[in-house]
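**Q** coords please:
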Amino acid sequence: MKKLILFAAATPLALAACSGGEESADADGDGEITGEEARAQARNIRMEPGEWEVTTRLTEIDSPGMPEAAREMMREQMGRSTTYNHCITPEQAANPEGEMFGGEDEQNCTYSEFTMSGGNILVEATCQPEGMGGEMTMRMEGSYTPREYDMTMGMTTTGTPMGDMTMSGETTGRRIGECSEEGGE
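**A** Coordinates of the predicted model:
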């Protein structure tokens, strides 16, 4: 489950710093955007290298099948912000990893919507994470520039060992300067 949450939280950093996106990610025109097609479109990313500060806040969570103690721990996290710094090197900015948009290969994602243009983002994806069973659907919507972004996210998992879960949150990111010697996260 932690991997799903980390994936959902990390994806916006990559989404936020793109430019262009004028051409459709659905390269073969079949109405489905695969992870491979999303990674191909990621080659057009334009992001500013440097130290990025990313803040994520969980706004809603529901997991009826989870043990009450675990549900209570998750409810306690609602409304709390988590902030971390991440260094984007000039090399990464010039040649971003395709996995940033397409998810990791083991995520096995398809996209019903993948739009990034004019400073707006709308991504709808369905993934079958390897080793977890079940299915995850996500929707991310927001705005971006090469130096910052603001996004809302919703995620639903079904058929996992932890049971079904729905969660929503907000993520913001901004470039705060040059990378520190430690290199951020």
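**Q** now whichever strand or helix holds Arg71: average pLDDT?
**A** Using DSSP states H and E, Arg71 sits within helix 68-77. Average pLDDT, helix 68-77: 82.
**Q** and for it, what's in contact with it?
**A** Here helix 68-77 makes contact (CB atoms under 8 Å, 6 or more residues apart in numbering) with 58, 61, 63, 66. The way it works is simple: take the backbone N, C-alpha and C, and place the C-beta from them, glycine included.
**Q** which positions within it qualify as buried?
**A** 71, 74 (16 or more other CB atoms under 10 Å).
**Q** I'd like the next helix or strand past that helix.
**A** As assigned by DSSP H and E, the chain's next helix or strand after helix 68-77 is strand 81-88.
**Q** which one of the contacts of helix 68-77 is nearest Arg174?
**A** Leu58 (19.7 Å; CB to CB).
**Q** which residue is the nearest non-sequential neighbour of that closest one?
**A** Nearest residue to Leu58, sequence neighbours excluded (CB to CB, 6 or more residues apart in numbering): Gly169, at 4.7 Å.
**Q** is it true that that neighbour touches Gly79?
**A** No. Here Gly169 does not reach Gly79: they are 10.3 Å apart, not a contact under CB atoms under 8 Å.
**Q** now do the shared contacts for these two.
**A** Common neighbours of Gly169 and Gly79 (CB under 8 Å, 6+ apart) are 57-59.
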